[in-house]
Structure formats: structure tokens, C-alpha cells
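Enquirer: Sequence plus the predicted model coming up.
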Amino acid sequence: MLGGISLVVAVAIAVGLPAFDPPSKGSPATELAVVISAQGPVEASPDTAAAAPPPSPAEAEPELRSVSLVLEGGDTLMGVLAEAGLPSGEAYAASEGLKAMVDPRALRAGQALTLSLRTGGEEADALHLASLSLIPETDRMVVVEHQRDESFEAQAQPIEHTPRLVSAKGEIATSLYEAARDQGVPMAVLLQAYQTLNHAVDFQREIRGGDTFALGYERFDDGENGGVHPGGLVYASLGLGGRTLSFYRYTTADGYTGFFDANGRSLETSLMKTPVDGGQLSSLFGNRDHPVLGYTRMHKGLDFAAPRGAPVLAAGDGVVERRSRYGSFGNYIRVRHDGTYSTAYAHLSRYAKGIEPGDRVRQGDVIGYVGATGLATGPNLHYEVLSSEDQVNPVTLDLPPRRVLAGDELVRFRQATARLLSALVPTAAESGGRNEADTEGARAGDG
């Protein structure tokens with residue numbers, strides 16, 4: 001809403017009117033038009049007044065002005081367009097047009113928008129939307145333009161940005177989160193680091209004070225199209241006690257992109273360790289006091305506390321064997337991955353659309369959503385790994401890597417990681433923390 005929007009108005013009035021200030025916080029949006037019209041028409045000289053009378057409103061050329069907005073918490077696209085002075089029907093049509101490229105409900109606080117507004121025509125004081133543009137991602141700008149039939153059509157335009165390689169390193173006192181944020185690591189990159197390292201590290205039990213971290217990631221400068229945006233994680237390393245774990249992003253010749261250790265073994269295994277988006281381990285495999293039944297009972301899986309509706313992911317490639325209500329498990333899915341392993345997912349609130357027995361799924365596909373069906377005290381995912389129909393402890397299971405590089409592929413990988421490290425390590429050490437370097441020729445992800 002305009003009361004909660006950072007509003008910057010850049011106006012170029014063709015008839016030479018003086019510039020005006022944007023409405024103050026909380027001012028009605030209609031004041032924006034009043035300020036313009038209050039200036040009055042430009043007087044004609046005596047020599048030309050009779051020969052060239054001022055044009056009627058219907059004949060006046062539309063005037064275009066640019067308005068830049070930044071969404072704040074609680075704002076909606078339709079809401080900010082309406083409070084910018086646009087008719088509600090026009091705000092709705094623009095929001096609907098954007099859906100072809102971006103879900104308007106997915107726009108978050110901090111999202112910048114640029115509106116091109118026009119005035120003139122039959123209603124001289126009315127504001128109308130000529131176009132709307134935003135950068136939802138680092139590599140494209142989405143432009144929504146007004147059409148002759150009063151609809152709005154969205155198109156994507158590539159953004160030419162300058163990539164930089166940024167490194168950050170430090171010592172962990174209490175958590176990787178605090179240590180990385182102290183070094184200025186963006187939240188989006190930190191989440192990627194957690195998702196990546198989660199395959200190899202138990203963050204709740206293995207991180208100790210005095211451990212170290214190093215991260216390398218991309219930063220994009222969009223120039224005149226916007227600001228500076230974080231890109232993808234390209235390198236992650238943890239020093240845990242007497243061992244160091246280091247992983248590098250790399251794209252193979254056949255198009256697989258993932259993180260690999262120095263020996264070319266992929267960090268991703270055949271099964272994911274945390275198959276829920278944003279879940280935190282809340283109960284381990286083994287005997288426990290059942291929270292509902294009230295007595296000690298063998299817990300044959302892992303429980304992950306997560307918000308209701310959080311996406312549940314297929315832990316590996318496989319075929320859906322069961323998708324149904326299943327006793328105390330509530331809504332339940334079981335996926336067979338090979339001749340040995342299957343995985344099971346319980347207490348789901350609902351199943352993903354189109355998931356049926358016999359369907360083939362890929363690792364990371366959304367198959368359901370966190371719930372509390374069956375015997376559960378609150379929203380959580382109960383996750384099991386079955387080996388030859390018997391539940392086994394997912395934490396201690398030694399699974400093979402998803403990919404192992406060899407031959408020419410391994411040679412290319414080592415060349416790429418050498419370029420990456422030459423850009424990251426020396427400069428990060430010299431700066432004592434963060435460093436930026438050109439990414440040209442230094443990205444392991446180039447393959």
C-alpha cells in the first residue's frame with residue numbers, strides 16, 4: 001500500500017510543467033493527478049492564440065511518467081496499483097497478465113516495480129497503466145504491457161549483468177548462520193549452502209565452536225536495470241575438528257549440475273537425507289516415548305518438524321508404490337527406488353497433484369505436503385528408509401554418490417576447480433573475509 005511503499009517519482013512533462021514532489025506517506029493517490037492539473041494550461045502568445053487554440057482534452061497527447069515502487073510487508077500487486085491511482089479493473093487485468101510469467105502472490109517485500117503511467121485523452125486527470133516492469137530473478141526482466149483490447153500481456157527480456165565471484169570465510173562461534181551473516185553472506189546464498197551441505201553434515205550435532213567455513217558465490221550487477229543480486233553458490237567448505245569437507249559446483253558434459261568433492265564424487269547420494277523443504281530433525285530412529293500413545297515404542301524412521309503445507313520431496317528416483325491412507329501413518333506415500341531400497345512418507349496433509357501409484361518420480365520432485373494426519377501431535381513428516389522391506393536408520397545408512405566423475409570428465413572437473421580456487425583462496429585469505437573477483441574463467445560450474 002502507498003502507506004507502506006517507498007515511492008520515487010521521475011516525471012518528464014512534455015509541456016514544460018515544473019517538477020512535483022511525490023505524495024507523502026499516507027496521502028491519497030488521487031493527489032498525484034491533482035498536483036499536475038493544478039499547474040494550469042500553458043498560456044499561448046498573443047500572436048498564436050487565435051490561430052492555434054489549446055487542444056481539447058480528447059485531442060491532447062497522452063503524457064507518460066515513470067513511477068518506481070518497492071513492496072513492503074503485507075503489500076499486494078493489485079493493492080499498490082490501485083493506490084497508485086489506477087482503476088481497479090485495470091489493476092486486476094495487469095495482475096492477471098503478469099501470471100503468465102510470475103505468480104503475483106509470490107512477490108515479496110523488497111520487490112521493486114516500475115510503472116509507466118499515462119494521462120490525457122478524454123479524462124485529462126485520469127491515470128492509466130501503459131506498462132509494468134520488474135526483475136523477479138537475476139537474469140530476466142518481466143514487462144507487462146497494455147494491449148488494444150484492454151488486456152495486459154507479459155514478456156520476459158534478458159538482463160545483461162556483470163557477474164562477480166564473491167568469497168566469504170570465517171570462524172563459527174555458535175552457528176554457521178550467524179558466522180556467515182556476520183561476513184555479509186546473503187540469505188539466499190546461505191540457504192543454498194544449508195541445502196547443499198545438508199547431504200554431508202548434521203548441523204545439529206556436528207558443528208562446534210571453533211569450526212570454520214568458506215563459501216564462494218556469484219553476485220550479479222544489473223547496471224541500469226536494477227541493483228546487485230546474489231547468484232548461485234559455487235563452492236562450500238567446512239572445517240570440522242580435524243577434517244575439512246569441500247565441495248564444488250560443476251556441470252557435466254551431459255548436463256548434470258551438482259556439487260562434487262575433490263575426487264569427483266557427487267555430494268548428492270541416491271537418497272536425500274532431508275526430504276522436506278525447511279524441515280528440522282525432531283525425532284531420531286530408535287526407542288522413544290511415543291508422544292500420543294504414552295509408552296516406549298520403537299521409532300523406525302526420522303521425524304522432521306515443518307510448517308503445515310511444506311513441500312515433501314521424493315528422496316530419490318523411483319516409482320510410487322502406494323499413495324493412500326495407512327493406519328496411524330495417516331496420508332502415506334511409498335516409493336521404490338531399486339531392487340533394495342524404498343522410502344516412505346507419512347502424516348501428509350495432502351498429496352501432490354497427479355501423484356498416483358505407478359508414477360515415476362525424480363529425486364527432489366514434490367510428492368506431497370506436510371500435515372498431521374494419523375497419530376501425530378502436530379505438523380511433521382515421518383520419513384522411513386526400507387531395505388528389503390525392513391526399516392533401517394537413514395542417518396547411518398552408507399549410500400553411494402549419485403554421480404562419480406571419471407576419465408576426461410574428471411580431468412575437466414579438476415581444471416575447473418583449480419580455476420575456481422585460484423580466484424577464491426588467495427584473495428579471501430588476503431582480505432580476511434570477503435572478496436570479489438571477476439568470474440571469467442573461474443567458475444567451476446562452466447564444466
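Expert: In hand now; what should we look at? Residues are numbered from 1 along each chain as shown.
Enquirer: middle-most residue in the protein, spatially?
Expert: The geometric centre of the chain, computed from its C-alpha atoms, lies nearest to Ala188 (Cα atoms, centre = their mean), at 7.0 Å.
Enquirer: so where's the protein uncertain?
Expert: Applying pLDDT under 70 to the chain flags residues 1-62, 120-124, 137-139, 204, 222-227, 278-279, 285-299, 425-447.
Enquirer: counting contacts, what elements does the one helix or strand the residue nearest to the centre of the chain maps to pack onto?
Expert: For Ala188, the enclosing helix or strand under DSSP states H and E is helix 187-197. Using 3 or more Cβ pairs under 8 Å, 6 or more residues apart in numbering; DSSP states H and E as the contact test, the elements touching helix 187-197 are helix 176-182, strand 212-221, strand 228-240, strand 243-251. Using the backbone N, CA and C atoms, a C-beta is placed for each residue, glycine as well.
Enquirer: closest one to Glu83 among these?
Expert: Comparing the helices and strands packed on helix 187-197 against Glu83 with Cβ to Cβ, the closest turns out to be strand 228-240 (26.9 Å).
Enquirer: I'd like the distance from the closest one to the chain centre, please.
Expert: If you compare the mean C-alpha spot of strand 228-240 with that of the full chain, they lie 15 Å apart, counting by Cα atoms, centre = their mean, to the nearest Å.
Enquirer: same thing with stretch 311-325?
Expert: What separates the centre of stretch 311-325 from the centre of its chain is 24 Å, taken as Cα atoms, centre = their mean.
Enquirer: same check, this time on stretch 177-187
Expert: Using Cα atoms, centre = their mean, the offset of stretch 177-187 from its chain centre is 17 Å.
Enquirer: angle of the helix holding Ala188 against strand 228-240?
Expert: With axes from the mean of the first three to the mean of the last three Cα atoms, to 10 degrees as the basis, helix 187-197 and strand 228-240 are set at 40 degrees to each other.
Enquirer: Helices of the chain, residue ranges please.
Expert: In order along the chain, the chain carries the following helices (DSSP state H): 31-37, 46-49, 77-83, 88-98, 176-182, 187-197, 407-431.
Enquirer: got CSV for those, with distance to Arg140 too?
Expert: Conversion of the helices of the chain to CSV gives the following (distance: least, Cβ to Cβ, whole Å):
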stretch, distance to Arg140
helix 31-37, 30
helix 46-49, 49
helix 77-83, 18
helix 88-98, 13
helix 176-182, 27
helix 187-197, 16
helix 407-431, 26
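Enquirer: Figure out which of these is closest to Leu397.
Expert: For the helices of the chain, proximity to Leu397 was assessed by Cβ to Cβ; helix 187-197 is nearest, at 18.1 Å.
Enquirer: Verify the stated contact: Ser328 with His382.
Expert: No: using Cβ atoms under 8 Å, Ser328 and His382 do not qualify as a contacting pair, with a distance of 9.5 Å.
Enquirer: returning to what we had before: could you identify which of the helices of the chain is most buried?
Expert: Most buried of the helices of the chain by mean neighbour count (mean count of other Cβ atoms under 10 Å) is helix 77-83; its value is a mean of 21.
Enquirer: From Ala262, how far out is Arg412?
Expert: When distance is defined by Cβ to Cβ, to the nearest Å, Arg412 is 14 Å away from Ala262.
Enquirer: Oh, that last question was meant for Asp277, not what I typed.
Expert: When distance is defined by Cβ to Cβ, Asp277 is 29 Å away from Ala262.
Enquirer: Show me which of these two is the more surrounded one.
Expert: Each of Asp277 and Ala262 had its neighbours counted (other Cβ atoms under 10 Å), and the higher figure belongs to Asp277 (17 against 13).
Enquirer: Thank you kindly, that will do.
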